[in-house]
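[1] next come a sequence and a model predicted from it.
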Amino acid sequence: MLIPVALLLAVLTTPALAQIPAMPSSENGRFTFHQTADGMLRLDTRTGQVSVCRESIGDWACRIVPDERTALENEIVRLQNENVTLKRELLARGTPLPGTGKNETTQAPREPMLRMPTDADLDRMMSFLEKMWRRLVETMQNVQRDIQKDAEKKG
């Protein structure tokens, strides 16, 4: 009596089992699944990507959920590349890099560079000295004249 009941149960449940779609593959434990109202969420335990899986005409189709972390990581890489480019430009111009610990106040003061005067510099200097000498001689002559005039009036 047990065998006919088991056989009857198997015949009745087989059509019901055929209507349940097969779950997406878990690929030897790589993926974990969580039931949602619309289907399944699939988590890739190796990459961390999340996909929404839905049954359609007896097959499962999974679509990757957009990940903000990926967008942030891409932006970080872009900014790091831009930072490297800007540092190279600063170094090419001889500008010290900010944040390297070398402030202008901590650097030893640079000694001024002394340069020898050019011929034009010497000519300007001689012209200036000549004018000063002539004015000094004129002033001394004027003082001498004034002293002689005063001496003639008194004497």
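    All right, it came through fine. Keep in mind that this is a model prediction, so the values were computed, not measured.
[2] rest of the way, CA atoms for contacts and neighbours
    Noted.
[3] any weak-confidence spans in this structure?
    By pLDDT under 70, the weakly predicted segments of the chain are 1-27, 101-109.
[4] before we move on, which element is the spatially most central residue of it in?
    The centre of the chain sits closest to residue 83, judged by C-alpha atoms, centre = their mean, with a distance of 3.4 Å. In the assignment (DSSP states H and E), residue 83 maps to helix 68-92.
[5] so residue 61, which state does it fall into?
    strand (DSSP: H, G, I helix; E, B strand; the rest coil).
[6] was I right to think it contacts residue 55?
    Yes: in this structure, residue 61 is within contact of residue 55 by C-alpha atoms under 8 Å, at 6.4 Å.
[7] show me which of the two is the more surrounded one.
    Set residue 61 next to residue 55 and count neighbours by other C-alpha atoms under 10 Å: residue 55 wins out with 16 against 13.
[8] how about the helices in the chain?
    2-19, 68-92, 119-154 (DSSP state H).
[9] residues contacting residue 155?
    Residue 155 makes contact with no residue, according to C-alpha atoms under 8 Å, 6 or more residues apart in numbering.
[10] and for residue 38?
    Applying C-alpha under 8 Å, 6+ apart, the residues near residue 38 are residue 54.
[11] distance of it relative to residue 56?
    As judged by C-alpha to C-alpha, to the nearest Å, residue 38 and residue 56 stand 11 Å apart.
[12] go ahead and confirm residue 44 touches residue 30.
    Yes: contact criterion C-alpha under 8 Å: residue 44 and residue 30 qualify, at 6.0 Å.
[13] and the two? Which one has more around it.
    Taking neighbours as other C-alpha under 10 Å, residue 44 and residue 30 compare with residue 44 leading, 17 against 13.
[14] against residue 62, how distant is the closest residue in space to the more buried one that isn't next to it in sequence?
    Leaving aside its chain neighbours, residue 44 sits nearest to residue 31 (4.7 Å; criterion: C-alpha to C-alpha, 6 or more residues apart in numbering). To residue 62, residue 31 is 12 Å away according to C-alpha to C-alpha.
[15] with that, I have no additional questions.
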